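Peer 1: This is a predicted model, with the sequence first.
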Amino acid sequence: MENLAETFVIFITENDVIGSNKPIYHIDRYIKEAEEYFNDGSHIIYVNAGYKDNTELGKLMHDFSVTEPDDMNFKVLANAANYYKKNKEGIQAMCKAMEDMITNEKKSAAIRMLEKGKLTKEEIAEYLDLSLSIVEELAEELQPA
């Protein structure tokens with residue numbers, strides 16, 4: 001198992017999904033019968049964003065929940081938020097990222113619609129506000145080679 005990369009999946013949840021009133025939960029695999037940890041390098045961390053106190057984690061969760069960069073504790077995060085909220089280039093970059101995300105979601109929906117085969121390519125393009133050429137490209141990608 002030493003060849004496996006160590007991985008962390010971090011969930012930042014709105015409230016305490018585990019229910020033990022802790023700010024953070026570290027979850028690792030455990031072999032019950034052997035009574036030992038299964039050290040495959042995979043870790044899951046749940047962060048309770050509702051837990052706000054004066055610790056570093058509590059301050060970070062506070063920063064994640066405020067909308068004004070000036071109200072943030074961590075200057076690095078505040079500076080980044082300021083860039084994406086108030087700087088012309090940052091605003092453009094964020095708008096582009098959002099447009100790309102929306103387009104990708106529309107493409108995913110178009111693929112699902114094409115796979116169902118109930119609508120024409122023209123209808124899919126119209127309903128999802130995509131160009132017909134994009135829908136046609138997606139349809140071609142779905143064809144077996």
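Peer 2: Cool, the structure landed. Numbering: from 1, shown residues only.

Peer 1: which residues in the chain form helices?
Peer 2: Taking DSSP state H as the criterion, the chain contains helices spanning 56-65, 75-86, 88-116, 121-128, 132-142.

Peer 1: Which other helices and strands does the third one contact?
Peer 2: It refers to helix 88-116. helix 75-86, helix 121-128, helix 132-142 (3 or more Cβ pairs under 8 Å, 6 or more residues apart in numbering; DSSP states H and E). C-beta here means a position set from N, CA and C on the backbone, and glycine is covered the same way.

Peer 1: could I get those helices as CSV with distance to residue 44?
Peer 2: What follows is these, written out as CSV (distance: least, Cβ to Cβ, whole Å):
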stretch, distance to residue 44
helix 75-86, 23
helix 121-128, 35
helix 132-142, 34
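
Peer 1: winner for burial among the ones you listed?
Peer 2: Among the helices and strands packed on helix 88-116, ranked by average contacts under mean count of other Cβ atoms under 10 Å, first place goes to helix 121-128 (a mean of 16).
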